[in-house]
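[1] coordinates for the following, if possible.
(4 chains)
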Protein chains: 2
Amino acid sequence: MPDIAEAKKRCARVAAILKTLAHPQRLFLLCRLAKGEATVSELRDASGASQSLISQHLTRMRREGIVQARRDGNFVHYRIVDPRLSALIKDMEKTFNE
Amino acid sequence: MPDIAEAKKRCARVAAILKTLAHPQRLFLLCRLAKGEATVSELRDASGASQSLISQHLTRMRREGIVQARRDGNFVHYRIVDPRLSALIKDMEKTFNE
DNA sequence: TTTGCATATTAGAATATTATAATATTCAAA
DNA sequence: TTTGAATATTATAATATTCTAATATGCAAA
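    All right, here's what the predicted structure looks like:
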């Protein structure tokens, strides 16, 4: 049985991830990415947010290690790094649909 | 197949819930509550945070409909309202342990 | 080697969140 | 009916987040 200090550390780690998910636009981006890679343009078109804002969100998530970028000519493709996160997001979508 | 506007609304709803979970102390409280009811005192002792802060977090979650309170003499027992949320929290604990 | 498209960065004002301290309420037992 | 324990509320300073606008960078085709 784990220690309380240990449990708190885990909560802090998970809360940090959730903080990133806990934003309507970022969650929307991640829901899209949970289905597979997408370019910044695609994500911008789908979300309707400004290019700058999308890029800022993606940069933040890149820094946090949640997504990875892959350049292909002019376009940059993003994807979710940890498959467990993709699974969690899909699961949440299912759980909270109605 | 749902509309994009519809998807955005769902993201906003889910993000609002996640925003509440996305705080180390609140997540700790919820992890404890996911196992069953607990009083404010228990939660305070377990978390080590101040009485005022615990109460503020609980009041916030009560307002949001995430938890419910039940008074029993001097003590107030809290519990998570939606079993789907309990399940999600347990699931996240499992997912992110290691 | 310039032009244009795709993406990234930066700065800053507006707003939201957090924790602490102080005070108020609610209830039970003496 | 006062006292004390358990919980709630309020105000506020400190900090963090968000968005917009402006500018910069990377790349490819002409």
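
[2] count the neighbours of residue A:5 for me.
    Residue neighbour count, defined by other CB atoms under 10 Å in any protein chain shown, stands at 8 for residue A:5. Using the backbone N, CA and C atoms, a C-beta is placed for each residue, glycine as well.

[3] confidence score at it?
    If you check residue A:5, the pLDDT there is 90.

[4] what's the helix or strand for the residue nearest in space to the middle of chain A?
    The residue lying closest to the centre of chain A (CA atoms, centre = their mean) is residue A:30, at 4.0 Å. Element membership of residue A:30, judged by DSSP states H and E, is helix A:24-33.

[5] tell me if that helix is near chain B.
    Yes. With CB under 8 Å from any CB of the partner chain as the measure, helix A:24-33 is seen reaching chain B through A:24-28, A:31.

[6] what is that helix packed up against?
    helix A:4-21, helix A:40-47, helix A:51-63, strand A:75-80, helix A:83-96, helix B:4-21 (3 or more CB pairs under 8 Å, 6 or more residues apart in numbering or on different chains; DSSP states H and E).

[7] so is that helix next to DNA strand C?
    No. With CB under 7 Å from any atom of the strand as the criterion, DNA strand C is not reached by helix A:24-33; the gap is at least 11.3 Å.

[8] quick check, that helix touching DNA strand D?
    Yes. Using CB under 7 Å from any atom of the strand, helix A:24-33 comes into contact with DNA strand D via residue A:25.

[9] ok now that helix, how far from the chain's centre?
    Relative to the centre of its chain, helix A:24-33 is centred 6 Å away, using CA atoms, centre = their mean, to the nearest Å.

[10] and that helix, average pLDDT?
    The average pLDDT within helix A:24-33 is 98.

[11] now that helix against helix B:4-21, angle please.
    Per axes from the mean of the first three to the mean of the last three CA atoms, to 10 degrees, the angle that helix A:24-33 makes with helix B:4-21 is 110 degrees.

[12] show me the contact partners of helix A:24-33.
    Outside helix A:24-33, the residues that touch it by CB atoms under 8 Å, 6 or more residues apart in numbering or on different chains are A:20-21, A:38, A:42-43, A:46-47, A:49, A:53-54, A:57-58, A:61, A:66-67, A:78-80, A:85-86, A:89, A:93, B:7-8, B:11-12, B:14-15, B:18.

[13] repeat for stretch A:55-66
    The contact list for stretch A:55-66 (CB under 8 Å, 6+ apart) reads A:16-17, A:20, A:23, A:25-26, A:29-30, A:40, A:43, A:67-69, A:78, A:80-82, A:85.

[14] and it, which residues are buried?
    By 16 or more other CB atoms under 10 Å in any protein chain shown, the buried positions in stretch A:55-66 come out as A:57-58, A:61, A:66.

[15] report the two of these separated the most.
    A:57 and A:66 (10.4 Å; CB to CB).
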